[in-house]
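In: would you be able to build a 3D model of this:
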Amino acid sequence: MERDHKHPGQKAINMDINNSTPACGFDAILGNSHAINGLKTMLLNNKFPHAILFTGPAGVGKHTTARLFAMAVNCLDKDNAPCLECKNCRRFNNNNYPDFIETIAETKSIKIEQIRDACKKLIFPPVEDGTRVWIIVDAHLLKEHAANALLKILEEPPPQNIIILTALGDDSLLDTIRSRCMKLYFYSLPDHMAATIIQKKLGTDNKTAVQIANIFGGSPGMAIAVTMDDKIISSFKESLIKLFSYGNRMAIKETLDMALKISKMSDHLPNLLEWGKLLCRDMFLIKQNIDKKHISMYETILSLGDSIHTIPESFFLRIFDAFNETQKAIHENVNPQMAIESLFLKITDQ
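Out: Take a look at the predicted model:
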């Protein structure tokens, strides 16, 4: 959907630290100080590129930072932007600022109509006496025609507009789009920083937060997105444990029925598949006789019983690759049911 300031939240496919502008300034953003400092310099000098690409792993704060920057650009307190207290900041935080546009994928792609609708607004001067900011979330989901439509406005950017793209990697965008954007790179957070965010969001103790941060490789947004969906994770976990336990003894019909059930959780599939990869990783580590203190999902794997000992190490590596292939297939809009069926059948092929 193409959103302006009136719509809440973001879809689960976007796994950033949170889905709104936090009630705090840049100082509350942990990690990626190089990117934050670059944005602060732009604000201090009041000089902005017409397009900026925030690129890096999911869940490390790209979207949160983009929204803070959009607020700061039109903050009335230029020395403390975003001040969070001026009229413009309050309107932004209340989703009521007229010169802010946010475009988010419908289902699993950003369509040309969404880009065209936003481009029409950029033709006109901002409503307020300032700068309009347009954020395109997960720009790697741009359909070909949508990307070409965006390219046209990047080639001849109208004044008083800043376009911010967030993406998992700049190599996922057209070269012609990348070349017209200033790039800011975001990186995974150190475990202690990720743990601080996870502890605050999930209310866990520090030890648990550190363990979760370690599992998700410095991506607190991904950790939060996965962990908060306990019911959905539980259903997926039960399916995987059963598939790994029964292997080729599992009836094909039951396997396909489970795949159908999971495929209907379409908004959660990116997170679920990431969780499945982590499970495979831990099962492989157990086969390597790694100390259990390094096995994040040790208790979950115990429910496999003796089954894990009969499965060769190479199988877990193969299934890890299968999870990656499934993620790629779903990203490329392959039918989710077919993609999950293929994955589940590979798990039972032991």
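
In: low pLDDT regions in this structure?
Out: 1-24, 107, 214-217, 225-231, 293-294, 296 (pLDDT under 70).

In: can you list the domain ranges for it.
Out: Each domain of the chain is listed here as a residue range: 2-185, 229-348, per automatic domain parsing.

In: ok, which of the ones you listed comes nearest Gly221?
Out: domain 2-185 (2.6 Å; CB to CB). Just so you know, the C-beta spots here come from the backbone N, C-alpha and C atoms, and that holds for glycine as well.

In: so what's the gap between that closest one and the chain middle?
Out: Domain 2-185 sits 15 Å away from the centroid of its parent chain (CA atoms, centre = their mean, to the nearest Å).

In: now do stretch 328-342
Out: 18 Å.

In: for the longest strand seen in the chain, list the C-alpha coordinates in CSV.
Out: Secondary structure of the chain per DSSP state E: the longest strand is strand 161-167. C-alpha atoms of strand 161-167 as CSV (Å, rounded to 0.1, in the frame of the first residue of the first chain):
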residue,chain,number,x,y,z
ASN,A,161,11.8,16.7,-1.7
ILE,A,162,14.0,14.0,-0.2
ILE,A,163,13.4,10.3,-1.2
ILE,A,164,14.7,7.7,1.3
LEU,A,165,14.9,4.0,0.3
THR,A,166,15.5,1.2,2.8
ALA,A,167,16.8,-2.1,1.4
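
In: the next helix or strand after that strand: which residues count as buried?
Out: Proceeding N to C from strand 161-167, the next assigned helix or strand is helix 175-178, under DSSP states H and E. For helix 175-178, a neighbour-count test (16 or more other CB atoms under 10 Å) marks 177-178 as buried.

In: and for stretch 308-321?
Out: 308, 311, 315-316, 319-320.

In: list the buried ones in the helix or strand hosting Leu260?
Out: Take DSSP H and E as the rule and Leu260 turns out to sit in helix 252-263. Residues of helix 252-263 classed as buried by neighbour count (16+ other CB under 10 Å): 255, 258-259, 262-263.

In: does anything pack onto the helix or strand just after it? Which helices or strands?
Out: Later in the chain than helix 252-263, the nearest helix or strand by DSSP H and E is helix 269-287. With contacts defined as 3 or more CB pairs under 8 Å, 6 or more residues apart in numbering; DSSP states H and E, the packing partners of helix 269-287 are helix 220-228, helix 230-246, helix 252-263, helix 298-302, helix 313-331.

In: now name the helix or strand holding Ala146.
Out: Here Ala146, judged by DSSP H and E, is contained in helix 144-155.

In: just to revisit the earlier point, closest to Ala195 out of the domains of the chain?
Out: domain 2-185 (10.1 Å).

In: need the helices and strands packed on helix 269-287 in CSV (columns: distance to Gln337).
Out: Converted to CSV, the helices and strands packed on helix 269-287 look like this (distance: least, CB to CB, whole Å):
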stretch, distance to Gln337
helix 220-228, 22
helix 230-246, 14
helix 252-263, 4
helix 298-302, 25
helix 313-331, 11
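
In: so for Ile153, which of the ones you listed sits nearest?
Out: helix 313-331 (25.0 Å).

In: count of residues packed around Lys328?
Out: A total of 12 residues lie near Lys328 under the criterion other CB atoms under 10 Å.

In: any idea how far stretch 248-261 is from the chain center?
Out: 30 Å.

In: from Lys264, how far out is Ile153?
Out: Separation of Ile153 from Lys264 (CB to CB, to the nearest Å): 37 Å.

In: who has more neighbours out of those two?
Out: Ile153 (21 against 13).

In: mind checking the SS state of Lys183?
Out: strand (DSSP: H, G, I helix; E, B strand; the rest coil).

In: who does the closest residue to it other than its chain neighbours form a beta bridge with?
Out: Excluding the flanking residues, the one nearest Lys183 by CB to CB, 6 or more residues apart in numbering is Leu53, at 5.0 Å. Beta-bridge pairing for Leu53 (DSSP bridges): Leu165, Lys183.

In: perfect, I'm done here.
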